[in-house]
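J.: Requesting a structural model of the entry that follows:
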Amino acid sequence: DEEIGCGIPPTYVPARNTVFLAHATALAEALDCRDIFLGANVLDSSGYPDCRPEFLAAFYVLDNLCTRAVSGGHDGAALGQAVDHLRAIQPDATGALVDVRDQRSVVQWVTQIVERWSRVDVAIANAGIIRPRPFLEIAEEQWDEVVDTHLKGTFLVLQAVARTMVERHTPGSLIAVTAP
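T.: Predicted coordinates:
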């Protein structure tokens, strides 16, 4: 018998708590709640990666960056604070504000990532904006901004990463997530 807490047990489900916490974050925001409580078994904390205190601390930083209730907005200062917190846990943590609608910005960003870590294993294109207005009041420029962010941005990010994967002969995953 394996001793509890030694190694990753065969019952481990990759990223299970990540998924649960992400759903809890979305629900809490929708219900205008500010607190999420997670009960993790102390015996699991050394064996399951997403029960470890380091994971929970990193998720706390992420949660505070990605929600309306806590985030001060999407600016360099908020991103910098989140990266600083993450560096206490993961010294290589980095962040960037990138206009995904601009090919030059995207290519430069992907190039910097590859220069630093030599490859990209997974790219998730998840940028999106919304300009809530009645349908008949949406100006063409506003619509173009939404389409450019959701569609063009997804295309440019995944294309830039795919090019590096092909050029370097490195396998990887490209994931597109968008909202209406």
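J.: Show me what the lowest-mean-pLDDT helix or strand in the chain is packed against.
T.: Here the helix or strand of the chain ranked lowest by mean pLDDT, DSSP states H and E is helix 76-89, holding a mean of 73. Other elements packing on helix 76-89 under the criterion 3 or more C-beta pairs under 8 Å, 6 or more residues apart in numbering; DSSP states H and E are helix 53-66. C-beta: built from backbone N, CA, C; applies to glycine.
J.: one step back: helix 53-66 and the least confident helix or strand of the chain, what's the angle between them?
T.: Taking axes from the mean of the first three to the mean of the last three C-alpha atoms, to 10 degrees, one finds that helix 76-89 is oriented at 180 degrees with respect to helix 53-66.
J.: Would you map the strands across this structure?
T.: Here the chain has its strands, by DSSP state E, at 122-125, 173-176.
J.: and the first one, what's its mean pLDDT?
T.: Pointing back at strand 122-125 there. In this model, strand 122-125 carries a mean pLDDT of 89.
J.: pull the CA atoms of that strand into PDB?
T.: The C-alpha trace of strand 122-125 is given here as PDB (Å, rounded to 0.1, in the frame of the first residue of the first chain):
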ATOM      1  CA  VAL A 122      -0.700  25.100 -25.100                       C
ATOM      2  CA  ALA A 123      -2.200  28.300 -26.400                       C
ATOM      3  CA  ILE A 124      -5.600  29.300 -25.300                       C
ATOM      4  CA  ALA A 125      -7.200  32.200 -27.200                       C
END
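J.: Now do it: everything it contacts.
T.: Strand 122-125 is contacted from outside by 100, 153-154, 157-158, 161-162, 172-178, using C-beta atoms under 8 Å, 6 or more residues apart in numbering.
J.: What of the last one?
T.: In this structure, residues lying in contact with strand 173-176 by C-beta under 8 Å, 6+ apart are 121-125, 154, 158, 161-162.
J.: By neighbours, which of the residues you listed wins?
T.: Greatest neighbour count in the contacts of strand 173-176, by other C-beta atoms under 10 Å, goes to residue 161: 25 neighbours.
J.: was I right about that residue contacting residue 172?
T.: Yes: using C-beta atoms under 8 Å, residue 161 is in contact with residue 172, at 7.3 Å.
J.: what touches both of the two?
T.: Going by C-beta under 8 Å, 6+ apart, residues that sit against residue 161 and also against residue 172 are 120, 123.
J.: so where's the chain shaky on pLDDT?
T.: Counting by pLDDT under 70, the ranges of the chain that qualify are 1-6, 34, 38-46, 65-76, 78, 179-180.
J.: What residues does residue 145 make contact with?
T.: Contact analysis of residue 145 by C-beta under 8 Å, 6+ apart lists 101, 129, 131.
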